[in-house]
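S.K.: need coordinates for the following:
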Amino acid sequence: MKEKLEQIKVNAVNALKNTLDAAQLENLRVKYLGKKGELTLVSKGMGGLTQEERPIIGKLVNEVRAFIEENLEKLSEEIKKREKTSKLKDEIIDISMPGKKQKLGHKHPLEMTLDSIKDIFISMGFEITEGPEVELDYYNFEALNIPKNHPARGEQDTFYINDNIVLRTQTSNMQIRTMEKEKPPIRIISPGKVYRADAVDATHSPIFYQIEGLVVDKGITMADLRGTLDIFAKKLYGDKVKTKFRPHHFPFTEPSAEMDASCFSCGGEGCKMCKGSGWIELLGCGMVHPQVLRNCGIDPEVYSGFAFGFGLDRMTLMKYGIDDIRLLYESDIRFLNQF
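M.R.: Residues are numbered from 1 along each chain as shown. Predicted structure coming up:
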């Protein structure tokens, strides 16, 4: 048995010399020191020894075990160091090499136009408000003085969730919500997404963006509305732009008007863009109807106000000379890269 232990020691030393990685090292540990390992089998066979032989062989077994364990530990540290060195070498970064150029995106033309419009109105003292796109019929229609038989209430124009809830058709709902919560003076614009049951074509989409504006204070007149919108048009499209009002009708304003601007393409001479008229329709506006003020708990005998609204998509098309609204929503990188 003594010779067998010496042979186990020699075999273990030779095996350790040829061990290159942690997996092989673990296999050696199991082979010599495991529950069914060679040293364990020797220890189990000591029952057949004499009383004089047992302590001698037992001591020798422990010495061989300690020798193998010590060498396993040393080799384990060496393997760890080699693997760490190899890993660091493989993962080294040459900071002198040129980096890969990152392709940066940019704002969508709708977002760029919206930012410009926000800056214009903020400079005139307006605040930005946002609200729900799924809206109660009351805020979308009734409080805005739109009766039940008005064409805008028909299902051909509006997406109804049920009789009392709709997808908002304009951001005017925030005018009502603001007037209910705040006391005049009020100066707000409400940009956001709106929904109408329109067929998709070059100028229509069931989903688009709108901006509504509202001013309520003592002594507000049509002249304030005219001046505010004229400044807005000039700041957005240039100082040479001229504007004019045309009489119109909206249930929530009285009197009401539509504002046109001189054609940005031909300067009012007449071209394809303005269909030869020299003017382009920009937006709808008017003085807030007294009943709308009453609906929000504001006395029309003390306060007056004006409101206006326009499609952000339409403003973007005109600003950049785009002829099809669908281009704004198709995410075609060839189109978007032009901006």
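S.K.: Leu33 and Arg65 touch, don't they?
M.R.: Yes. Using CB atoms under 8 Å as the test, Leu33 is close enough to Arg65 to be in contact (6.7 Å). In short, each C-beta sits where N, CA and C put it, glycine included.
S.K.: okay, and the common contacts of those two?
M.R.: Leu39 (CB atoms under 8 Å, 6 or more residues apart in numbering).
S.K.: more neighbours: which of those two?
M.R.: Arg65 (20 against 16; other CB atoms under 10 Å).
S.K.: show me what contacts the more buried one?
M.R.: Here Arg65 is in contact with 33, 39 (criterion: CB under 8 Å, 6+ apart).
S.K.: if we go to 10 Å?
M.R.: 5, 8-9, 32-33, 37, 39-40, 42-43 (CB atoms under 10 Å, 6 or more residues apart in numbering).
S.K.: buried stuff in the lowest-mean-pLDDT helix or strand in the chain?
M.R.: Of all helical and strand segments in the chain, the minimum by mean pLDDT, DSSP states H and E falls on helix 38-44, at a mean of 74. Using 16 or more other CB atoms under 10 Å as the test for burial, helix 38-44 gives 38-39, 42.
S.K.: mind listing the strands for the chain?
M.R.: 127-128, 134-136, 160-162, 165-167, 186-195, 207-217, 243-250, 253-262, 279-288, 304-311 (DSSP state E).
S.K.: residues in contact with the shortest one?
M.R.: Pointing back at strand 127-128 there. Here strand 127-128 has contacts from 118, 121-122, 174, 178, 182, 186-191, 211, using CB under 10 Å, 6+ apart.
S.K.: now those residues: which count as buried?
M.R.: Counted by 16+ other CB under 10 Å, those give 121, 174, 178, 186-191, 211 as buried.
S.K.: right, and out of those, which lies closest to Arg54?
M.R.: Pro191 (93.6 Å; CB to CB).
S.K.: could you dump the buried residues of helix 38-44 to a markdown table with distance to Leu236?
M.R.: Listed next are the buried residues of helix 38-44 as a markdown table, based on distance: CB to CB, whole Å:
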| residue | distance to Leu236 |
| --- | --- |
| Glu38 | 89 |
| Leu39 | 89 |
| Val42 | 94 |
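S.K.: nearest to His204 among these?
M.R.: Using CB to CB, the buried residues of helix 38-44 come closest to His204 at Glu38, 86.2 Å.
S.K.: look up how far Ala66 lies from the closest one.
M.R.: 15 Å (CB to CB, to the nearest Å).
S.K.: how about Lys183?
M.R.: Taking CB to CB, one finds Lys183 at 90 Å from Ala66.
S.K.: about what we covered before: how about the strands of the chain in a markdown table, adding distance to Thr228 and mean pLDDT?
M.R.: As requested, the strands of the chain are exported to a markdown table (distance: least, CB to CB, whole Å; pLDDT from 0 to 100):
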| stretch | distance to Thr228 | mean pLDDT |
| --- | --- | --- |
| strand 127-128 | 15 | 96 |
| strand 134-136 | 26 | 95 |
| strand 160-162 | 34 | 91 |
| strand 165-167 | 29 | 93 |
| strand 186-195 | 10 | 95 |
| strand 207-217 | 7 | 95 |
| strand 243-250 | 11 | 93 |
| strand 253-262 | 11 | 93 |
| strand 279-288 | 9 | 93 |
| strand 304-311 | 8 | 95 |
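S.K.: mind listing what's buried in the longest helix seen in the chain?
M.R.: Ordering each helix of the chain by length in residues (DSSP state H) puts helix 53-90 first. The neighbour-count check on helix 53-90 (16+ other CB under 10 Å) flags 57, 60-61, 64-65, 68, 71-72, 75, 79 as buried.
S.K.: equivalent analysis for stretch 108-116, please.
M.R.: Quick answer for stretch 108-116 (16+ other CB under 10 Å): 109-110, 113-114.
S.K.: return the member of those nearest to Arg226.
M.R.: Thr113 (22.8 Å).
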